[in-house]
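In: I'd like to go over a predicted model; first the sequence, then the structure.
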Amino acid sequence: MSLQNQEIAELLTQVAQLLEIDGANPFRIRAYRNAALAVENHPRSLADMVRAQEPLSQIPGVGNDLAEKIQEAVLTGRLALREELLQHLPAGLLQLLRLPGLGPKRVRTLYLELKISDLAKLRAAVMANRVQTLPGFGPKLQAQLLKALNEPALQSSRRLWAAVKTVVDELTTMLQGISSVAAVSAAGSFRRACETVGDLDLLAAAPKAAPVMDAFVHFEDVREIISQGETRATVVLRSGMQVDLRVVPRESYGAALQYFTGSQAHNVALRKLAQQKNLKINEYGVFRGAKRLAGAEEAEIYRVLGLACPSPELRENRGELEAARLKTLPRLVALNDIRGDLHAHTNATDGADSLTAMADGARARGYEYLAITDHSQRVTVAHGLNTARLAHQLDAIDRLNEKGSGLLLLKSMEVDILEDGSLDLPEAMLARLDLTVCSVHSKFNLSRTAQTERILRAMDNPYFSILGHPTGRLLNERPPYDVDMEKILPGARARGCFLEVNSHPARLDLTDIYCREAKNLGVKISIATDAHAVRDFAQMAYGLNQARRGWLEPEDVLNTYAWKDLKKILRRK
DNA sequence: GCCGTTTTCGGCCCGACTGTTTTCAGTCG
């Protein structure tokens, strides 16, 4: 199996880190880092491009030399340069780089002066008090290293966006309560609506930073202050989450918000663009010489560069700057475009609420329709419906619809895709449904080929409508099953099938990259909550995040259509 | 190592904070 883009990016990053410890030309190192970012964010599989003999040097940041190295990585799974570097720089040094306070220079010093090549040797040297006497080290740094070695949990773990949202709401409310604060926002990966967030970045506008910083570091939930300067502070909350706050004057708020929202790759590209126009961007504004051209509002920053303002979700340097220049940015799908939910369970299987309660909940959200998609028989742990119980439910739905409450209940089921690719419901029953959500709930560990064929075979069934949670992953818990999305998407296209973005905060598959690929192929997406209770309907926001990161517009999303139109879209030829 | 509507050579995004220093290097985002 050939390397994924992320694995190629990881190899390039490792080379950059090793070159850095080696003391190589900083600009050469940057070239490897830039290339790693470009590869990681590239919408197409580089392995496919190599196979199709498409030139990799068309990717910005990848020149002839790196194109050759990437090709080597794809074809052999290895990089000769990386292995040469590892001849004289042990791989354990890369672990040392992850400790806060240790960068390439200090790691190099540790290795050259004390032959420290891994975490265990570092611990021994720290315990023997030998680190604090090295040049560039001191007692405080040594103590900090010991602490980090003793608390591996401090090494950053990423949290679900939905979990961070709670913290953001709390902290922004607290900061907004300070009378001098003119504006507050989360920035960074949270604002870009990434599926997980590492450190949380917050930004506030106030004429004087000191009172805001003071309130922040004394917030009741703060466990530890990592650093505190005049305008920036970093704390760790009791939950272990690290939060950075930056305070700027109101006239710089837009520039700071742009800057701290990132992504890094987006900002680097934006600054290069500014340079070409003889402008300088920093977190205080856009400047020509000493003259500030913009700063108070984020959109101004883009405007003075001749760009439309891309939504934060798009800022990954995946073509949004080009689209901003051409004024062709997408009109991203939003909550008020959503007309219904196409994946929901009731207490007939593993849901918590009754059919009528779910219908009432959907109506309360202003939806036009709700598909009831209880599990099929095979999912015994969820008490899946057999033919008789499903028939009973369909009759109940008919009776509710006849009452005409303003909400249309769609007859559906989350039908299991069995190992051989057949569907877990007889054809006569499938024929009674308005649509189906078909999902894999077993045999996650099939080979990539077998798993892909299993799903494509299921899609051959004319009653297959939507592939539910397409990769089966649970963020921070379970990896996706091995499936070739580069085959599934065109396969769905050819068969008139659709894919789901599952809005459960830990699922969120389809991922952003594949949402975009689906859009490009003309495969429409269902953004669905997989609600197991009325309260879960609120999860729609999380699925929307992912869809927006994937550049989806209302017309790309099944459940933005009125039922009379959706019915036609779903119809198989 | 990449890149070019001033350049095929000579640049390369920018600033805050800390600790180790004695004016600043290293780290981080």
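Out: Done, it's in.
In: in the stretch 51-200 of chain A, what residue is nearest DNA strand B?
Out: Residue nearest to DNA strand B within the stretch 51-200 of chain A (CB to the nearest atom of the strand): residue A:138, separated by 1.7 Å. C-beta coordinates here come from the backbone N, C-alpha and C atoms, glycine included.
In: Tell me how many other residues surround the closest residue to that residue other than its chain neighbours.
Out: The spatially closest residue to residue A:138, leaving aside those adjacent along the chain, is residue A:132, at 5.7 Å (CB to CB, 6 or more residues apart in numbering). Residues lying near residue A:132 (other CB atoms under 10 Å) number 15.
In: Also residue A:8?
Out: Around residue A:8 there are 25 residues (other CB under 10 Å).
In: Can you tell me the SS state at it?
Out: Secondary structure, DSSP: H, G, I helix; E, B strand; the rest coil: residue A:8 is helix.
In: Make sure it is actually in contact with residue A:46.
Out: Yes. Here residue A:8 lies in contact with residue A:46, judged by CB atoms under 8 Å, at a distance of 5.9 Å.
In: quick one on the thing from earlier: what pLDDT is listed against the residue nearest to residue A:138?
Out: pLDDT recorded at residue A:132 is 89.
In: That one against residue A:144, yeah?
Out: No. Using CB under 8 Å as the test, residue A:132 is too far from residue A:144 to be in contact (10.7 Å).
In: which residues does whichever residue of the stretch 351-500 of chain A sits closest to DNA strand B contact?
Out: For the stretch 351-500 of chain A and DNA strand B, the shortest gap (CB to the nearest atom of the strand) falls at residue A:476, measuring 19.3 Å. Residues near residue A:476 by CB atoms under 8 Å, 6 or more residues apart in numbering: A:157, A:158, A:160, A:196, A:506.
In: So for stretch A:25-43, what gets flagged as buried?
Out: A:29, A:31-43 (16 or more other CB atoms under 10 Å).
In: can you check stretch A:263-271 too?
Out: A:263, A:265, A:266, A:267, A:268, A:269, A:270, A:271.
In: Residues of the stretch 251-400 of chain A that sit close to DNA strand B?
Out: A:260, A:264, A:267-268, A:271-272, A:274-276, A:278, A:280-284 (CB under 7 Å from any atom of the strand).
In: Can you report how many residues neighbour residue A:87?
Out: There are 7 residues near residue A:87, going by other CB under 10 Å.
In: contact partners of stretch A:228-239?
Out: A:154, A:167, A:209-210, A:213, A:216-217, A:219, A:221-227, A:242-248.
In: try 7 Å
Out: A:167, A:209, A:213, A:216-217, A:221-227, A:242-248 (CB atoms under 7 Å, 6 or more residues apart in numbering).
In: Which ones among those residues lie within helices?
Out: A:167, A:209, A:213, A:216, A:217 (DSSP state H).
In: wait, what's in contact with the first one?
Out: Going back to what we said before, that points to residue A:167. Contacts of residue A:167 by CB under 7 Å, 6+ apart are A:200, A:237, A:241.
In: same thing with residue A:206?
Out: A:180, A:181, A:182, A:212, A:247.
In: one more time with 8 Å, if that's ok
Out: Residue A:206 sits next to A:178, A:180, A:181, A:182, A:212, A:247, A:249, A:250 when contact means CB under 8 Å, 6+ apart.
In: Which of these ranks first by neighbour count?
Out: So for the contacts of residue A:206 (other CB under 10 Å), the most neighbours sit at residue A:247, 27 neighbours.
In: mind checking how far that one is from residue A:312?
Out: Note on residue A:247: its distance to residue A:312, by CB to CB, to the nearest Å, is 20 Å.
In: Between all of the buried residues of stretch A:263-271, which two are at the greatest distance?
Out: Farthest pair in the buried residues of stretch A:263-271 (CB to CB) is A:263 and A:271. Separation: 12.7 Å.
In: How is residue A:235 assigned, secondary-structure-wise?
Out: Going by three-state DSSP: residue A:235 is strand.
In: what pairs with it across the strands?
Out: residue A:225, residue A:243 (DSSP bridges).
In: With residue A:410 instead?
Out: Bridge pairing for residue A:410 - DSSP bridges - gives residue A:371.
In: which ones are touching the residue nearest to residue A:138?
Out: A:138, A:139, A:141, A:142.
In: returning to that earlier point: reformat the contacts of residue A:206 as TSV; add pLDDT.
Out: Listed next are these as TSV, based on pLDDT from 0 to 100:
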residue	pLDDT
A:178	94
A:180	93
A:181	96
A:182	95
A:212	95
A:247	95
A:249	94
A:250	94
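In: Just the closest of those residues to residue A:468, please.
Out: Nearest to residue A:468 among those, with distances taken as CB to CB, is residue A:181, at 44.0 Å.
In: Would you confirm that that closest one belongs to a helix?
Out: No. Read with three-state DSSP, residue A:181 is coil and lies in no helix.
In: Verify the stated contact: it with residue A:174.
Out: No. Counting by CB under 8 Å, residue A:181 does not reach residue A:174; the two are 9.9 Å apart.
In: need the contact list for residue A:10.
Out: residue A:36.
In: Can you classify the residue lying closest to residue A:119 once chain neighbours are set aside by secondary structure?
Out: Of all residues not flanking residue A:119 in the chain, residue A:95 sits nearest, at 5.4 Å (CB to CB, 6+ apart). With three-state DSSP as the basis, residue A:95 sits in helix.
In: surely residue A:95 meets residue A:120?
Out: No. Using CB under 8 Å, residue A:95 is not in contact with residue A:120; the gap is 9.8 Å.
In: of these two, who's got more company?
Out: residue A:95 (17 against 12).
In: and the residue nearest to residue A:138, helix, strand or coil?
Out: In three-state terms, and counting by three-state DSSP, residue A:132 is coil.
In: who's in contact with residue A:297?
Out: A:253, A:254.
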